[in-house]
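Engineer: What follows is a protein structure lacking sequence information:
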């Protein structure tokens, strides 16, 4: 991981943004404790986001206060209380904001492509669970640009314009799948066969302010639900 970190540091995405990589490890792997502590050393693995793949069995053991085995290829290397390992993850997350957790069994159970793939990780920011060779394609709708009469009594989001733009964005992102170049044929096949896209939003807080709503207030939450349902 240190070698990959150094490699990524020399590569800039789109000529200006730093690279980003996702590192995940199962909660039953013998190296999980070292993985949890990896980014507590100053300057180490700064190009990585780290997350622990948490299984249902592990969470059951945590709740029951049972012991937990760390094993690899059938060999058990260590046994410790499951809650001790969970607390170690939580303390590291609180103190260093790393690692995150990915409830991998829950994701695979709810994946509507479960019949043809197994989710192995996510992209670095966690928006898209991905199978081996999976590619993440994300876009955003700037909600602030859709507000009519900002700061006025009759301020509102232009729902008709949103309804016009969203399908165009989806169409554009689907075209990106075909226009993109991939280093490996497995990546190209995965992207073109399943056509994963993630269309989200930016400018939410600004849009709410333009409409006279305080971010996080009950009225703002209700309005956000309305806008997201439309999207």
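Structural biologist: Looks like it arrived, so ask away. In this text, all values refer to a predicted model and were calculated from it rather than measured experimentally.

Engineer: Look up the residues forming beta bridges with residue 139.
Structural biologist: residue 199 (DSSP bridges).

Engineer: for it, what are its contacts?
Structural biologist: 169, 172-173, 197-200 (C-beta atoms under 8 Å, 6 or more residues apart in numbering). All C-beta spots, glycine's among them, are computed from the backbone N, C-alpha and C.

Engineer: Which of the residues you listed sits closest to residue 120?
Structural biologist: residue 198 (17.4 Å; C-beta to C-beta).

Engineer: What's the local residue count around the closest residue in space to that closest one that isn't next to it in sequence?
Structural biologist: Distances taken as C-beta to C-beta, 6 or more residues apart in numbering put residue 138 closest to residue 198, at 4.6 Å, once the chain neighbours are dropped. By other C-beta atoms under 10 Å, 14 other residues sit near residue 138.

Engineer: Let me see the contact set for residue 138.
Structural biologist: 123, 127-128, 197-200.

Engineer: can you name the farthest residue from the center of this structure?
Structural biologist: The centre of the chain is farthest from one residue, residue 153, which by C-alpha atoms, centre = their mean lies 37.3 Å away.

Engineer: how close does that residue get to residue 84?
Structural biologist: Distance, residue 153 to residue 84, using C-beta to C-beta, to the nearest Å: 57 Å.

Engineer: doesn't residue 78 fall inside a strand?
Structural biologist: Yes. Residue 78: assigned to a strand according to DSSP: H, G, I helix; E, B strand; the rest coil.

Engineer: Which strand or helix spans the residue lying closest to it once chain neighbours are set aside?
Structural biologist: Spatially, and ignoring its direct neighbours in sequence, residue 78 is nearest to residue 70 (4.5 Å; C-beta to C-beta, 6+ apart). For residue 70, the host element (DSSP states H and E) is strand 67-72.

Engineer: buried ones in that strand?
Structural biologist: Neighbour-count burial for strand 67-72, counted by 16 or more other C-beta atoms under 10 Å, picks out 68, 70.

Engineer: for the record, mean pLDDT for it?
Structural biologist: For strand 67-72, the mean pLDDT works out to 98.

Engineer: So which elements touch it?
Structural biologist: helix 56-64, strand 75-81, helix 82-96 (3 or more C-beta pairs under 8 Å, 6 or more residues apart in numbering; DSSP states H and E).

Engineer: looking at those, which is closest to residue 25?
Structural biologist: So among these, helix 82-96 is nearest, using C-beta to C-beta, at 11.1 Å.

Engineer: could you point out the longest helix in the protein?
Structural biologist: Across the chain, the helix with the greatest residue count (assigned by DSSP state H) is helix 159-179.

Engineer: Could you give me the buried positions within that one?
Structural biologist: Across helix 159-179, burial judged by 16+ other C-beta under 10 Å covers 162, 165, 173, 177.

Engineer: Of those residues, which is the nearest to residue 77?
Structural biologist: Taking C-beta to C-beta as the measure, residue 77 lies nearest residue 177 of the buried residues of helix 159-179, at 41.8 Å.

Engineer: mind listing what the closest one touches?
Structural biologist: By C-beta under 8 Å, 6+ apart, the residues touching residue 177 are 137, 191-192, 195, 197.

Engineer: let's see it at 7 Å
Structural biologist: Contacts for residue 177 were tallied using C-beta atoms under 7 Å, 6 or more residues apart in numbering; they are 137, 191-192, 195.
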